[in-house]
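**Q** Predicted model and sequence below, questions to follow.
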Amino acid sequence: MGCHKPRDTIIDPDRYARSVHASLDCNTCHADGFATFPHQAKRADAPECMTCHAGVDTPPYDFVHIQQGVQASIHAQMAGGEFACTNCHSPHYFVPATRMSDTPSAVRIANEPCLHCHAEGDASGGAGQPSVAKLATQHQWLPHWQLHLLNAPCIACHTTGDQRADAANPKLEAQRTLHVVLPKEQALRDCVGCHSKNSVLVSKLYAYLSLKEQTERGWLNAVLFNNAYLVGATRNRWLDWATVALTAATVGGVAIHAAGRWLGARLRRKS
């Protein structure tokens with residue numbers, strides 16, 4: 001850090017301290033050829049991520065399925081199989097979903113690598129928001145498309161499969177498909193896919209947050225104050241019926257009261 005922090009190869013020590021690799025020394029990855037200065041190796045000579053992670057079963061991560069998902073994605077196909085983890089995930093600043101504390105942060109972190117390539121060159125959208133102007137043409141079929149792009153993860157619509165296949169282990173099921181990025185022609189265009197009780201958003205990126213909220217806040221508070229609220233995705237049939245019953249009771253009470261007053265007035269006139 002003494003050399004690289006002020007120079008052209010800059011590592012932000014504060015961001016690195018918050019990353020998943022913060023406990024590792026630089027030489028864990030930058031080993032061969034980096035022991036002397038000037039370095040005999042280049043930054044690109046550092047080992048691939050799967051050099052350490054391949055075959056490692058470190059719950060809740062399933063790196064075997066993650067690697068398979070990347071290789072099946074449109075990214076790997078277009079790159080001739082040479083698509084690496086570091087194309088999307090910075091080894092110095094990567095923060096896993098399990099460390100995300102709220103939905104806006106989760107969405108921002110998830111979308112950073114996507115926008116870095118697909119919205120490169122766009123000026124800031126203001127108020128700390130990235131610009132998505134370059135994505136306008138492809139996404140204008142969405143109602144309020146800017147809000148969708150800035151407040152929903154790209155992978156919610158651009159990855160494959162039914163995320164509810166392994167309901168007993170939503171984290172594992174999410175990892176099996178979150179990296180299988182589809183060609184744009186196959187992206188989800190079904191509004192109900194997100195705005196429904198079995199929302200793909202809740203079972204994808206937000207699976208981590210919903211489980212975390214239930215653990216920290218309890219089930220009732222997680223339902224009432226869930227940061228991952230989606231119109232149409234958090235409906236509870238018992239609350240729906242309770243609302244209908246309360247509305248019916250209110251209307252019925254008013255009707256009975258009105259009928260009683262009318263009948264009472266009629267009886268008084270007759271007497």
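**A** Received it, and whenever you're ready, just let me know what you need.

**Q** For stretch 21-35, what is the distance to the chain centroid?
**A** Put simply, stretch 21-35 sits 30 Å off its chain's centre (CA atoms, centre = their mean, to the nearest Å).

**Q** hmm, who's touching it?
**A** Stretch 21-35 has contacts (CB atoms under 8 Å, 6 or more residues apart in numbering) with Tyr16, His39, Gln40, Ala41, Arg43, Asp45, Ala46, Pro47, Pro91, His92, Phe94. All C-beta spots, glycine's among them, are computed from the backbone N, C-alpha and C.

**Q** Wait, the last one touches Val20, no?
**A** Just to be clear, that refers to Phe94. Yes: counting by CB atoms under 8 Å, Phe94 does reach Val20; the two are 5.3 Å apart.

**Q** Please identify which of the two sits among more neighbours.
**A** Phe94 (18 against 15; other CB atoms under 10 Å).

**Q** Might you list the low-confidence residue ranges for the chain?
**A** Low-confidence segments of the chain, defined by pLDDT under 70: 6-9, 43-44, 55-60, 97-98, 101, 123-128, 161-176, 197-236.

**Q** Show me how it divides into domains.
**A** With domains defined by automatic domain parsing, the chain comprises 1-47, 63-225, 237-271.

**Q** From one end of the first one to the other, what's the distance?
**A** Using CA to CA, to the nearest Å, the end-to-end distance of domain 1-47 comes to 20 Å.

**Q** Next up, the contacts around Trp145.
**A** Neighbours of Trp145 in contact, by CB under 8 Å, 6+ apart: Ala136, His139.

**Q** For it, grab phi and psi.
**A** phi -60, psi -30 (degrees, to the nearest 10).

**Q** Kindly report the same for Ala258.
**A** Here Ala258 shows phi and psi, under degrees, to the nearest 10, equal to phi -60, psi -40.

**Q** same question, Thr159
**A** Dihedral angles (degrees, to the nearest 10) for Thr159: phi -120, psi 170.

**Q** Quickly check the contacts of stretch 21-35 for the two that are furthest apart.
**A** Gln40 and Phe94 (26.8 Å; CB to CB).

**Q** Gln138 reaches His158, doesn't it?
**A** No: if you go by CB under 8 Å, Gln138 and His158 don't touch, sitting 10.9 Å apart.
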